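Asker: model this:
(chains A and B)
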Amino acid sequence: MGFKLDYLLSILPALMRAAAVNIRLALLIMLLALALGTALTILRSRKIAAVNAFIAVVISFVRGTPLLIQIFIAYYVLPAVGLDLSPQVAGVSAIAFNSMVFVSESMRGGLATIDSGQIEAATALGLPPRAIWFKVVLPQLFRRIVPVLINEATIVVKGTALLSVITVVEVLRTAQQIASASYRPFETLIGAALMFLAINLVISLSGRVAESRFARSRI
Amino acid sequence: MHFNPALLLDYWPLLLQGAWLTVQVSATALVIGYAAGIAVALIALMPGWPPRLVTGLYIETLRNIPFIILLFVVYYGLPFSGIRLPATFVGTLALALFASAYYAEIVRAAILALPRGQFESARAIGMSPAEAMWHVVAPQILRTLVPPSTNMTLTMMKESAVLSSITVPELTYQSLVVQGNTFAPFEVFAAVASIYWLIAAVIAECSRWLERRVGATQAGGVSRNTIAERYLSLVARRAS
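Answerer: Below is the predicted model of the structure:
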């Protein structure tokens, strides 16, 4: 039973169709994580002691437990408390929640690099807080965390493979289905690995392009 | 619904067994992965392009595919080449392989971050090569090595949860067994998450101790990507 390249090539179209699911889910997760992460960053910057203490515990939990366990919690625990989610919705929520924390943490790191004089100047000019956030702080912050966001995007893409465990039909699950019909798991899994490799290399490359563009525009 | 931890009373030994295996697997993967990582980093730093190309391919491939797929490839690939090994063994090996790519990057960056001429200067003031390595070079490399290595070790420990999918009876696997027996998802996952949380806290505490000993300058956070973070701090320094 040697490695059959022609078999691998024959299943690539099916895996590519499944990869579209991963890309779609990852996009959705990144958008959610960005929006929620930004909201969380703004909320934390208000320095309400009780709220920040609670957020600190949530962040510590997300960082200290495996993503797989977080996915299981969304999939098994939420229905038990009356929230009946489909596997896809549960999985997307779990990864988005996880990613939100890391986005918010890197935004907080980036926040320290923004000259406080700008915020003081904006306040002195009488800009409302909302305008200061959306016109002064966030545009700079997003630019600064581009490398972190690119990296987070590749982590999210890899995270979508875990959704196969809760029966979401994506690349890995499709690969397993094909393998159980053909009894050729090795080639099939290599095919799945290639899908992720391709997606993530495209993300890294486009990230590098975006970074050099930002770097140029800053000068 | 009510929260009733007493449901788990009979299953604590199972969960603790799982936790112990998680610790064992992570510790083994740490040792093997770090050794492999150092080897890859040293090869990457060799002169000429072929070593850089080969190690670059190794690192980028391992970093860009999900660990669960890497695990399955190894798990199905070994019997494919006629090698049959127990799942725990294969899982630990795959985890070490996964971690080695990240450790290699960390080690390579730490060596490159060392200012040039440190070794020569130490030799010039009369230290023997061994003394120069031990008193001048090694402490500086260690200092930059510890914080990102901690982050990676934490990531790797959490990633070990995926071994449950090839039936390694670690903590996550046992949690699914207990969940199947008790139908008490809330209690089971609260307990399991707490155990992982505790293991992570112990690792973080050990590394803080290590950081104090080697005098690491960076605070050891739990961020995901040290390279991206280093970039951020670079940008920050340029901006200020």
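
Asker: residue contacts, the nearest residue to residue B:182 once chain neighbours are set aside?
Answerer: Nearest residue to residue B:182 in three dimensions, chain neighbours excluded: residue B:7, at 5.1 Å (C-beta to C-beta, 6 or more residues apart in numbering or on different chains). Just so you know, the C-beta spots here come from the backbone N, C-alpha and C atoms, and that holds for glycine as well. Applying C-beta atoms under 8 Å, 6 or more residues apart in numbering or on different chains, we find residue B:7 in contact with B:182, B:184, B:187.

Asker: pretty sure the last one contacts residue B:8?
Answerer: Yes. The criterion here is C-beta atoms under 8 Å, and residue B:187 meets it with residue B:8 at 5.5 Å.

Asker: and the residue most central in space within chain A, what is it in contact with?
Answerer: Nearest to the mean C-alpha position of chain A, by C-alpha atoms, centre = their mean, lies residue A:156 at 3.7 Å. Neighbour list for residue A:156: A:26, A:29-30, A:33, A:95, A:99 [criterion: C-beta under 8 Å, 6+ apart].

Asker: one more time with 6 Å
Answerer: Listed by C-beta atoms under 6 Å, 6 or more residues apart in numbering or on different chains, the contact set of residue A:156 reads A:26, A:29-30, A:99.

Asker: can you pull the pLDDT of it?
Answerer: Note on residue A:156: pLDDT of 97.

Asker: following the longest helix seen in chain A, which helix or strand shows up next?
Answerer: The longest helix of chain A (DSSP state H) is helix A:5-45. Under the assignment DSSP states H and E, the closest C-terminal helix or strand after helix A:5-45 is helix A:49-64.

Asker: Residue B:186: what's it in contact with?
Answerer: Contacts of residue B:186 (C-beta under 6 Å, 6+ apart): A:77, A:80.

Asker: That one in helix, strand or coil?
Answerer: Secondary structure for residue B:186, judged by DSSP: H, G, I helix; E, B strand; the rest coil, is helix.

Asker: between residue B:187 and residue B:8, who's got more neighbours?
Answerer: A direct count of neighbours by other C-beta atoms under 10 Å in any protein chain shown for residue B:187 and residue B:8 places residue B:187 higher, at 22 against 19.

Asker: The more buried one against residue B:5, yeah?
Answerer: Yes. With contacts counted by C-beta atoms under 6 Å, residue B:187 reaches residue B:5, the gap being 5.5 Å.

Asker: Next up, the contacts around the spatially most central residue of chain B.
Answerer: Centre of chain B computed as the mean C-alpha position; nearest residue by C-alpha atoms, centre = their mean is residue B:153, 2.8 Å away. The neighbourhood of residue B:153, defined by C-beta under 6 Å, 6+ apart, consists of residue B:30.

Asker: let's go with 7 Å and repeat that
Answerer: B:30, B:203 (C-beta atoms under 7 Å, 6 or more residues apart in numbering or on different chains).

Asker: Can you tell me the number of residues neighbouring residue B:39?
Answerer: Residues near residue B:39, counting by other C-beta under 10 Å: 15.

Asker: mind saving the C-alpha coords of stretch B:140-150 as CSV?
Answerer: The C-alpha atoms that make up stretch B:140-150 are tabulated as CSV, following Å, rounded to 0.1, in the frame of the first residue of the first chain:
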residue,chain,number,x,y,z
GLN,B,140,21.9,36.3,27.9
ILE,B,141,20.4,33.6,25.7
LEU,B,142,18.5,32.1,28.6
ARG,B,143,17.1,35.5,29.5
THR,B,144,15.5,36.0,26.1
LEU,B,145,14.5,32.4,25.9
VAL,B,146,12.4,31.9,29.0
PRO,B,147,9.3,34.1,28.5
PRO,B,148,8.4,33.0,24.9
SER,B,149,9.2,29.4,25.8
THR,B,150,6.7,29.6,28.6
